[in-house]
Each structure stands twice: as C-alpha cells, then as structure tokens.
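Participant: What would the 3D arrangement of this be:
(one chain, ligands or ions: 2)
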Amino acid sequence: MTGAHYISVILPLKLEWEPCYALPDGTDPGQVGRGDRVKVMFANREYSGVISATGITPDTDPGKIKPILYLEKDMEKIFPEEIELWRKVADYYLCTVGEVYKAAYPYGKINLEEARAAAKSKVRERREKLLESIRGKISRLEVRLEKKKALLAKARKKSVKEGYAEDISEIEAEIGRAREALEAAGRSGLNGTDDNSSIDAPGITLSDAQNKAYSATQAGFKARKPVLLHGVTGSGKTEIYMKLAHNALSRNRNVLYLVPEIALSRQLEDRLYEYFGERLMVFHSAESAASKRNVAERIRTSSEGYIVLGTRSSLFLPHHDLGLIIVDEEHDNSYKQDSPAPRYNGRDTALILHQIHGCDIILGSATPSLEELYNCQAGRHVLVELKERYHGSESSDIEIIDTKAERRKRGMNGNFSRKLIDHMNRALEQGGQIMILRSRRAWAPVMQCDSCGEIVKCPHCNVSLSYHKDGRMVCHYCGHSDRYTGGCSKCTGTLISLGAGTQKIEEEAAALFPKARIARLDSDTAQNKAFETKTIEGFAKGEIDILIGTQIVTKGFDFSNLTLVAVIAADALLGMQDFRADEKAFQLLEQFRGRCGRRDRKGLFVIQTSQPEHPVYKKIADNEPAGLNAGLMQERKDFNFPPFSRIVEIIVKDTYEDRAERMAQRLGRTLRNIFDPDGSPVLGSPVTGPYPPVVSKIADQHIRTIRISLKKDRNLSTGKKAIKEAVRDFEKSQKYDGHIMINVDPS
Ligand code: ADP
Ligand code: ZN
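Facilitator: Ligands and ions are numbered 1, 2, ... in the order given. Purely as a prediction, here's the structure:
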C-alpha cells in the first residue's frame, strides 16, 4: 500500500497505547490534523477517538493496519492544550490518557440548536432569579427592621436602646442599597427581553487590608508564582477574586473559577452573575448533558471573554486564552475524585493547567491545606494573608462543653447539654438563628441487640445499618435497606439504639424548643434538590429558627442573622484513623465557626465533646491555627507523611475475601521487593500493608490497601512509573485484571 497515511488515535479506554489507523485512500492528509475526531473499530466495537499524531510510521506490518471508519467532521476539534492536560494528568495520576479523555468528553455530539435553546432559557431564568433575590433581600431586611423597632420600643435600658438604634439605621441603609441595586438591574435591561444586553459591572472598592492582599497577589503573579490567599472567613476573598477576574477579562483573558461543590455555591453564583452578567457560565456534573455541551461549545468558540464557575470537571473544558484560575476553598477534600480514574485532585490539576497555559492562579482558603502551606514555605508559592473581617466583626466566642462532666452533674438533657439549651434559648429570644452540626445522619447510626450484643450489619458491607425514622435500617455505603422489626435476627432479644443521628437530634430539639421552627439538612433530605434549596432559602429568609444538619451546613452559606452555631458529639470528627484526621477536623470546625456572627455582631460557637482536652479544640479556642499547623507539619515530617512524601495507594477489590487477601499479600511482596527489599512492614517504611481499611467490604467487594510512600526527590517520577509497571505486570502474570486500582495522593 503505497502512499497510505497513518495516524495514532486516543480511545476512551483504559489502554496503555494509542492504536494506529490508516486514513482512507483519497483522503488529503493536509485536511486531517491532531485533535480531529475519528470513528474507528477497536476490539469489535466502534469508538470516537481523537487523533494524537499524523504521518506516523507504523511499527507493525502496515498491511495489518485497519483504516478508520470515517472522519467525524461534525464533531468538535480538540485543542492541543487539552491533549497536553490529559497526558500530564495520566502521567501524574498513573492512569491512561484514554481514561482522562473519557472523563473530559462523557457526552456525544453537540447539537448546536438544542444547546442554544438551552442557553436562552437559562439566561431568562437567571435574570428572573436575580431580580427575585434582590426583592427577597429587601423584604427580609424589612422584617428584621420591624423586629428591631419592636425590640427598641420594649427596651428599658438606655444602652440597649442605643444599640438597637444603631442596628436600625444600619438596616435602613442596607435596604437603601438593595433598592438601588434593584433599580440598576432594571435599568440595565434585565427586565427586558433582549438576551444580548449585558450588565455594567459596578466598581469594586477594596478595603485597605484587601488592597494590600490584592497588591501582594499581583506581585506574586508578576513573579510567575501561584498565590495562596489565606483569609479568614468574611475577610472578603471573593471580592478580591472578582477584581482579579475582572482584570483578566479586561485584558481579553478568560477565567476559570473552581469550587469544591456547586450545590453550596448558589449564593456565589448569584453574586458573580450580578457582576459578570452573561459572561458567567456554570458547569458541574449535575447539569444536563445539553447544558454541559452548550457551555463547552460557548467556551470553545468564545471570543468575548468568559468566566466559568465550576467543579473539578470544568478543568477539562476546551479552555483557551486562559488568564486566571481561582481555586476557592483549596483545602476541601471534595476536590479529589476517588473513583473512577482519573483519581485526580482539582486543586493540583489546576496547577497543571496553569503551567500549560502560563496563566495566573490563586488558591484561597480560611484553613489552607498543609500541602499548600508547605509549598509557600518552600518558596514555590506566595503566601498572602488577610486577617481582618471585612465588616470588622470579631470572630465568634467559643465555648467547649465537656459532655462527660455534664452527664455526671446531670447537666445533659438527651444529647443537649443544659448549657447549650440556655444559649439556644437566649439566641432565640434575641431573634437570632441557630445551626447545629451532627456528623451522622439517620435517627441512630448503630442498632444493637440488648440480649446477645449483636450489632446489626449490612449483608453487603462491613458497616452497621443505621435506623431511619421511616422504619427502615439503611446502609450508608451501598444503600441496602431492611424493614425494622425491632427484634434481633440472631436471638429473641430486642434492638436498642446506640448514638444519635440528625433525625433524633431534630426530634429532641423539637421537644426542647416547641415554639421554634426547625428544619434538617443532610444527604437524606438534600437528595431532593428542591427541598434543599427551599430549606436554605427559608433559613436565609428567617423562616427557620434552627437548622440541624451534617457537614453540608458547614459550607458556603452566608446568613447574616446566624448568631449561634453548635456541634453535637464533635468526637465523631476526630475518630478517623487517618493522618489527616486532625487537619480535617480543624478545617471543618473553623469553617463552621465562620458561618456565624458575620456582620454586626459577635457570634457564639459551642462544641459539645467528651474529649475537651483534644489539641484541635484547644487551638480553635486559642485562635491559633498557625500553632496547630506548625504542630501538624512537624508530625508529618517526623512520620514522613505528605507533604514530605508522596503516597500512592494500591486498592485490591474482590468478591472473595480469601482471594483479595492472597493477591494483596502477593502484590505487597512484589512492591516491597522493589521499594523496600530489606525492610519490614512497619509504620514509616516505604511500603505498608496490605491492610483491610476501616470499612473493609463495600457492596460485596472485599478491600485491601497497600500504601507506598515515595520520597519527593528526583527519583519520584521513576518510582511512580515503577509502581504502575509492577501493577500492570502483576495483573498480567496473575491474570487478575480489573481488581486493582491505583490512587495517587489519596485524601
Ligand atoms: P470570604 O470569601 O473571605 O469569606 P466574602 O468575600 O464572602 O468573604 O465577604 C464577606 C462579606 O463582606 C460579604 O457579604 C461581602 O459582600 C462583603 N465584602 C467584602 N469585601 C467587600 C468590599 N470590598 N466591598 C463591599 N463589600 C464587601
Ligand atoms: Zn451496604
């Protein structure tokens, strides 16, 4: 076959190589390039592939090379930067380029008609929402104003009266500002039907402290370094991001604004939309395929500048002319994808994307990760601090309540201490709102037989079933559920509950505060998105007095009337067998604390715990995160944990426990031969395990994990490659394909 032209193709598969195909006779090779899409047959199935190279010389007999089926002219071309990102991610996370391609393009062809229609209705919907939200804000403020006026009329003491008078003039001023915003929104054509009109960006005026941080950030960018913005909650990090984004857009550069979870960013979305208008696009996995394709297409073809607000998957959009990446809440674990491959961390992948595009990047957090602090210490990233809250309010007071001591003194009423009850009553009397965090959902997380002691477990997972109020016992890992009969299945005993989940806390709260309006937010109730939105909006409007929930309530919301936040059974946050446990607990508690007392008044943060001496609480109470971080950093260094090393976790999953164990042992020996030939399997050695994880069986799959800790030196990438090769060889020689997963930087 003379004159045949060969190409290599990336397929959306776990495939270590990029197969070679021939272009059909008569194709003009000049018309075909890298990034073009082709339909090909592979292992008797059709795939849409991406051309990774043209004009290649096949290393097998050219006669055996199959031609492509056809060129997919109506499918979008992939930018070289996208392919580069796929390669780097595959390299770093030890997966294949095809797996990254599959994650980046989960949807098929773009129907532009459909995409445009979706865009139009979205625009209309957004405008209405914005107007609605401003009107809602005004009416909420008016309600607050009335309340304050009533309190002022009742107040007897002079100093109290003065306080209320100040509050009242503050609220009146705020109403004035909101009315202006409403008028401005109306003027800028928001009420109209012309979809092309855009909103004028109002100016951002930074405070002195913000200005300093802003200049320091600019200086970091000038030195071509990533910037870590460590700013307390309410310090106005968002305002700084917005100004940076505005600058990038005015330089005709595009912006990617990453958040860990979109559900919690609705307020942010509204704020950005108010500012950036139609240039704002939102992208996350829960959007419809049509909407996702629409965003991808608008980005690919955009010449007017865009700002994407999205979760980690928006890293794989067809970005071009990127000027700035913002990684909000960089410490958040939700940035890490655990399954399927690529098991990537959005923050670290953002750093890769920043290198590819040579753009600026700012990572922000009130509680930075040790990884990022380490990067700053090493001089690779620039640390910028913002210690003042914008509204000047102080961070909330903290009270740690020792539940063991209270129980002894009969100071507990169910799961609420009398002290907490008093604080709650006071907050409610003063018209404030309350949020309560309990990290377990359901009514009771554990059920036990009162006669034989048997704990009711899931038949498919190695975890206890939780009892739910609707009379079911549910597995929180695989979703299995049984009807609750009240009796033990092993003997004739009766089941009793151990511990309390959010449902029970809600019940107790209802009995303790009969007049209060109470709602619950956890992944049971949040499964219904409309309910979730309604609850959050209801709380924001002051229609709910007490909101009880799991970790969901710690994130992302800005409620101006929230004066008391409390954690019940905080011990559950510390109990994780993981070197990151304390860091995570601190981040969660600090974030929760930041929810309250944001405006004109100081809030109160109550922690109920049976371990009041725990260093995490002490550091929060002392307001000294730097001390905690230094301590944690030293500990990580002593044990050679990340960020001082890099951990690669190997996960073996099997339906048969004995085989999982046997294979994991064998693989462990293989890896130890490579990384630690003379060592013993003890903590601190390069290879640990295999061990069964805390939950050692999920959905009938028995799990074993092996951890390899690699030194961060120039041999790092060789070491990682060796792991990947060892695993592939093992899979082949043992005929054990599909059971082993590699997870780089497990969270
Ligand atoms: P962070 O993101 O650091 O928690 P935010 O950006 O949400 O803080 O700011 C907290 C509050 O202060 C918000 O209500 C915001 O509107 C207000 N704020 C912050 N900076 C400014 C500013 N420069 N001008 C006006 N309001 C600001
Ligand atoms: Zn289960």
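Participant: and the residue in the stretch 601-747 of the chain positioned nearest to ligand 2, how many neighbours?
Facilitator: Residue of the stretch 601-747 of the chain nearest ligand 2, by C-beta to the ion: Ala699 (6.3 Å). Yep, even glycine has a C-beta here, placed from its N, CA and C like the rest. The local packing of Ala699 (other C-beta atoms under 10 Å) involves 14 other residues.
Participant: Lys409 now?
Facilitator: 11.
Participant: Return the per-residue confidence for it.
Facilitator: For Lys409, the pLDDT comes out at 95.
Participant: Next, find the distance separating it from Arg418.
Facilitator: Lys409 is 9 Å from Arg418, where distance means C-beta to C-beta, to the nearest Å.
Participant: which bits of the chain sit near ligand 1?
Facilitator: The chain comes close to ligand 1 at residues 204-207, 210, 231, 233-239, 390-391, 558, as judged by C-beta under 6 Å from any ligand atom.
Participant: Repeat the analysis, applying 5 Å as the threshold.
Facilitator: The chain comes close to ligand 1 at residues Leu206, Gly231, Thr233, Gly234, Ser235, Gly236, Lys237, Thr238, Glu239, Tyr390, as judged by C-beta under 5 Å from any ligand atom.
Participant: I figured the fourth one was touching Gly594, is that so?
Facilitator: Which is Gly234. Yes. If you go by C-beta atoms under 8 Å, Gly234 and Gly594 touch, sitting 6.5 Å apart.
Participant: Tell me where the model's unsure across the stretch 151-300 of the chain.
Facilitator: Residues of the stretch 151-300 of the chain that meet the criterion pLDDT under 70 lie in 156, 159, 183-202, 264.
Participant: What segments of it are strands?
Facilitator: 227-231, 254-258, 280-283 (DSSP state E, counting those that start in this stretch).
Participant: What of the stretch 1-150 of the chain?
Facilitator: So, for the stretch 1-150 of the chain - with DSSP E, counting those that start in this stretch - the strands run 6-10, 20-22, 37-42, 45-54, 70-71.
Participant: Contacts only, for Ala405.
Facilitator: Neighbouring residues of Ala405 by C-beta atoms under 8 Å, 6 or more residues apart in numbering: Gly411.
Participant: Tell me if it really is in a helix.
Facilitator: Yes. Assessed with DSSP: H, G, I helix; E, B strand; the rest coil, Ala405 lies in a helix.
Participant: Buried ones from the residues of the chain next to ligand 1, can you make that a ChimeraX selection?
Facilitator: The buried residues among the residues of the chain next to ligand 1 can be selected in ChimeraX (16 or more other C-beta atoms under 10 Å) with this line:
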select :206,231,233,234,235,236,237,238,239,390
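Participant: Using TSV, please lay out the residues of the chain next to ligand 1 together with distance to Asn528.
Facilitator: Shown next, in TSV, are the residues of the chain next to ligand 1 (distance: C-beta to C-beta, whole Å):
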residue	distance to Asn528
Leu206	40
Gly231	34
Thr233	28
Gly234	30
Ser235	34
Gly236	33
Lys237	31
Thr238	28
Glu239	33
Tyr390	34
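Participant: Of all pairs in the residues of the chain next to ligand 1, which one is the farthest apart?
Facilitator: Leu206 and Thr233 (17.4 Å; C-beta to C-beta).
Participant: Which pLDDT value belongs to whichever residue of the stretch 51-200 of the chain sits closest to ligand 2?
Facilitator: Proximity to ligand 2, evaluated over the stretch 51-200 of the chain using C-beta to the ion, is greatest for Ala103 at 26.5 Å. Note for Ala103: predicted pLDDT of 94.
Participant: just the helices in the stretch 551-700 of the chain please.
Facilitator: For the stretch 551-700 of the chain, the helices defined by DSSP state H, counting those that start in this stretch cover 571-574, 581-593, 615-621, 625-638, 657-675.
Participant: Deepest-packed of those helices, please.
Facilitator: helix 581-593 (a mean of 21; mean count of other C-beta atoms under 10 Å).
Participant: and that helix, average pLDDT?
Facilitator: Summarised as a single mean, pLDDT over helix 581-593 is 89.
Participant: now it and helix 625-638, what's the angle there?
Facilitator: Helix 581-593 runs at 160 degrees relative to helix 625-638, counting by axes from the mean of the first three to the mean of the last three C-alpha atoms, to 10 degrees.
Participant: What is helix 581-593 packed up against?
Facilitator: Secondary-structure packing of helix 581-593 (3 or more C-beta pairs under 8 Å, 6 or more residues apart in numbering; DSSP states H and E): strand 562-567, helix 571-574, strand 604-609, helix 615-621, helix 625-638.
Participant: Format these as TSV; extra columns: mean pLDDT.
Facilitator: Formatted as TSV, the helices and strands packed on helix 581-593 follow (pLDDT from 0 to 100):
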stretch	mean pLDDT
strand 562-567	94
helix 571-574	87
strand 604-609	96
helix 615-621	84
helix 625-638	81
